[in-house]
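Enquirer: I would like the atomic coordinates for the input below:
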Amino acid sequence: MKQLSLLVLGCLFAISFTACKKDLNTATVTYQEATATYGNLEAVRNLPLNNSVRAVENPGKVFVGADFILLGEEEQGVHVINNSDINNPQFINFIDIPGNREFFVKGDFLYAESYYDLIKIDLTDLSNVQLVARANNILQETITNDNGEALLGFTFNEVTKDIDVKSDIYNEIVTEQFIYYDFAKQVIPKSAVPSSFAGNSNGKSGTVNRITHAQDHVYVISLNAMAIIDDANGVFQSVGSTSQINFPEAMETIFPYEDKLFVGSRTSMNIYDAANPETPFELYEFQHATSCDPVLPTDDVAYITLRTADFSDCPGNTNALVVLNIENLDNPREEEQINMASPYGMTVIGDRLFVGEGENGLSIFDVSDRKKPISIKKDDGVKAYDIIAHPSNENIVLIAGPNGLSQYTMDGDNSNIDLDFNSQIQY
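Expert: Sure, this is the predicted structure:
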């Protein structure tokens with residue numbers, strides 16, 4: 001276990017930092033103060049999984065099955081929704097997973113973070129799911145206070161205080177450094193996309209995942225580390241340290257493709273050879289402007305969306321769709337860069353590429369030639385962070401947007417596509 005010596009300031013960086021010197025020794029500073037929350041980790045680990053249905057308040061990751069939907073509730077768990085009638089989805093269960101933001105589904109199993117751990121849940125009976133395995137402390141060594149309680153998060157509050165300019169806390173504030181550095185760097189950070197798809201039950205993976213499953217292994221990325229778990233033949237355990245792998249800083253997304261892993265970070269898209277799934281190694285690094293960076297490899301190309309905005313999680317001035325030719329992984333090359341308003345998640349359905357642009361709508365491209373996307377339509381009326389096809393009917397699409405999770409039926413051909421509204425799960 002790791003013990004904290006500073007109990008007031010959490011993974012802190014000075015947001016809207018202001019300071020005024022009162023004298024040579026003190027300064028009045030305004031900053032975001034994070035107060036650590038502690039609790040009994042073993043009690044958390046032993047909480048029942050199944051709970052009563054509840055309203056969606058803070059949505060996150062989404063998975064789409066043939067007749068059900070899993071909708072994440074940030075930090076709390078996963079809503080289970082009966083979607084056998086796409087015009088009238090019904091909540092049927094809530095899976096309690098404290099500390100959860102990211103999850104992935106493979107077959108009948110849900111893989112989810114829970115504070116320091118990764119858990120595996122059997123979804124065979126959606127109204128009564130069962131815990132299969134738990135990999136304790138796979139994401140982070142437990143951090144405790146003097147009473148032996150585990151750090152379970154932070155609450156934030158803007159404060160104004162007089163602080164000694166020679167103190168460690170003052171130096172941390174003015175240099176915008178993390179105080180709980182290890183915790184902040186190793187746990188899975190909050191996604192820059194408010195609500196996105198983990199995938200669907202037809203094997204389609206989302207482009208904004210931090211957990212994925214490939215070749216009987218689970219891969220989990222944090223800011224600058226990757227946890228690898230053997231999930232073959234009933235085994236569910238770490239296969240060793242990745243400290244010797246040169247992962248980029250600020251990893252954001254991971255996407256499996258054949259025996260490769262495509263990892264998007266704020267500054268690059270990196271391709272790793274995972275032919276030996278326990279020891280991936282870097283094949284190629286594509287540097288780009290600092291931005292938020294989903295990646296979608298398909299049919300010898302990789303689509304990369306770069307999104308930035310002032311005063312956001314992705315500061316900068318680059319908003320574009322990049323088309324990267326990956327026919328030769330020893331020498332990938334950029335084919336094209338298409339300017340966009342605010343690209344988030346994306347998916348390919350048939351010969352169409354759909355790119356969510358948040359409040360700026362939904363962009364649709366003809367990708368009959370995968371290397372040369374041609375704009376078909378920009379639908380400003382459909383607000384979209386991410387989009388995915390229904391697993392058993394590709395004419396039905398699901399869109400995660402600012403106001404809810406919506407389902408549409410597609411009509412028309414590549415030159416004229418309309419989305420007919422079916423239903424929405426509001427939040």
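Enquirer: I figured residue 349 was touching residue 396, is that so?
Expert: No: between residue 349 and residue 396 there is no contact under Cβ atoms under 8 Å: 10.2 Å. No exception for glycine: its C-beta is placed from N, CA and C like everyone else's.
Enquirer: overlap in contacts of the two?
Expert: By Cβ atoms under 8 Å, 6 or more residues apart in numbering, residue 349 and residue 396 have these common neighbours: residue 389.
Enquirer: Could you list the low-confidence segments of the chain?
Expert: Along the chain, segments meeting pLDDT under 70 span 1-24, 32-34, 172-193, 223, 240-249, 291, 310-315, 414-415.
Enquirer: where along it do the helices fall?
Expert: 41-45, 168-174, 181-186 (DSSP state H).
Enquirer: Help me confirm that residue 41 comes into contact with residue 150.
Expert: Yes: using Cβ under 8 Å as the test, residue 41 is close enough to residue 150 to be in contact (3.7 Å).
Enquirer: Now for these two: what residues contact both?
Expert: Shared contacts of residue 41 and residue 150, defined by Cβ under 8 Å, 6+ apart, comprise 115-116, 142.
Enquirer: Out of those, give me the one that has the most neighbours.
Expert: Ranked by neighbour count (other Cβ atoms under 10 Å), these have residue 116 at the top, with 24 neighbours.
Enquirer: got the contact list for the closest residue in space to residue 84 that isn't next to it in sequence?
Expert: Excluding the flanking residues, the one nearest residue 84 by Cβ to Cβ, 6 or more residues apart in numbering is residue 67, at 4.2 Å. Counting by Cβ under 8 Å, 6+ apart, residue 67 touches 82-84.
Enquirer: from these, which ones fall inside strands?
Expert: Those of the contacts of residue 67 mapping onto strands are residue 82, per DSSP state E.
Enquirer: Would you tell me which one of the contacts of residue 67 comes nearest to residue 380?
Expert: residue 83 (27.0 Å; Cβ to Cβ).
Enquirer: if we can go back for a sec, can you flag the buried ones in the contacts of residue 67?
Expert: Buried subset of those (neighbour count, 16 or more other Cβ atoms under 10 Å): 82-83.
Enquirer: can you give me the strands in the stretch 51-200 of the chain?
Expert: 59-64, 68-73, 77-82, 90-96, 103-106, 109-114, 117-122, 130-135, 143-144, 150-164, 196-200 (DSSP state E, counting those that start in this stretch).
Enquirer: what would those strands look like in a markdown table with distance to residue 388?
Expert: Listed next are the strands of the stretch 51-200 of the chain as a markdown table, based on distance: least, Cβ to Cβ, whole Å:
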| stretch | distance to residue 388 |
| --- | --- |
| strand 59-64 | 6 |
| strand 68-73 | 11 |
| strand 77-82 | 15 |
| strand 90-96 | 20 |
| strand 103-106 | 12 |
| strand 109-114 | 17 |
| strand 117-122 | 21 |
| strand 130-135 | 25 |
| strand 143-144 | 36 |
| strand 150-164 | 29 |
| strand 196-200 | 4 |
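Enquirer: Count the neighbours of the closest residue in space to residue 332 that isn't next to it in sequence for me.
Expert: Using Cβ to Cβ, 6+ apart and skipping the chain neighbours, the partner closest in space to residue 332 is residue 326 (4.9 Å). By other Cβ under 10 Å, 22 other residues sit near residue 326.
Enquirer: was I right about residue 298 contacting residue 352?
Expert: No: using Cβ under 8 Å, residue 298 is not in contact with residue 352, being 11.9 Å away.
Enquirer: what about the two, which has more around it?
Expert: residue 352 (22 against 15).
Enquirer: give me the beta-bridge partners of the more buried one?
Expert: With DSSP bridges applied, the residues forming beta bridges to residue 352 are residue 349, residue 366.
Enquirer: Which neighbouring residues are in contact with it, exactly?
Expert: Residue 352 is in contact with 364-367, 376, 414, 417, counting by Cβ under 8 Å, 6+ apart.
Enquirer: Residue 26: which of the shared contacts of residue 41 and residue 150 is nearest?
Expert: Set against residue 26, the nearest of those by Cβ to Cβ is residue 142 (36.3 Å).
Enquirer: In this model residue 152 seems to touch the closest one, though I could be wrong.
Expert: No: counting by Cβ under 8 Å, residue 142 sits too far from residue 152 to count as a contact (10.2 Å).
Enquirer: Mind listing the shared neighbours of these two?
Expert: Joint contacts of residue 142 and residue 152 (Cβ under 8 Å, 6+ apart) are residue 41.
Enquirer: roughly how far apart are the residue nearest to residue 84 and residue 201?
Expert: Distance, residue 67 to residue 201, using Cβ to Cβ, to the nearest Å: 9 Å.
Enquirer: Would you mind splitting the protein into its domains for me?
Expert: Domain ranges of the chain: 7-40+149-186, 44-139+189-426, per automatic domain parsing.
Enquirer: With respect to burial, which of the ones you listed scores highest?
Expert: Of all the domains of the chain, domain 44-139+189-426 carries the top mean neighbour count, a mean of 19, counting by mean count of other Cβ atoms under 10 Å.
Enquirer: starting at the chain centroid, how far to that one?
Expert: Distance of domain 44-139+189-426 from the chain centroid (Cα atoms, centre = their mean, to the nearest Å) equals 7 Å.
Enquirer: that older thread, would you mind telling me which of the strands of the stretch 51-200 of the chain is nearest residue 222?
Expert: Among the strands of the stretch 51-200 of the chain, strand 109-114 sits nearest to residue 222 (Cβ to Cβ), with 9.7 Å.
Enquirer: just checking, what packs against that closest one?
Expert: strand 103-106, strand 117-122, strand 211-214 (3 or more Cβ pairs under 8 Å, 6 or more residues apart in numbering; DSSP states H and E).
Enquirer: Can you tell me the strand partners of the last one and which way each runs?
Expert: So that's strand 211-214. Sheet pairing of strand 211-214 (DSSP bridges) gives strand 217-221 (antiparallel).
Enquirer: what do you get for the first one?
Expert: Using DSSP bridges, the neighbouring strands of strand 103-106 in the sheet come out as strand 109-114 (antiparallel).
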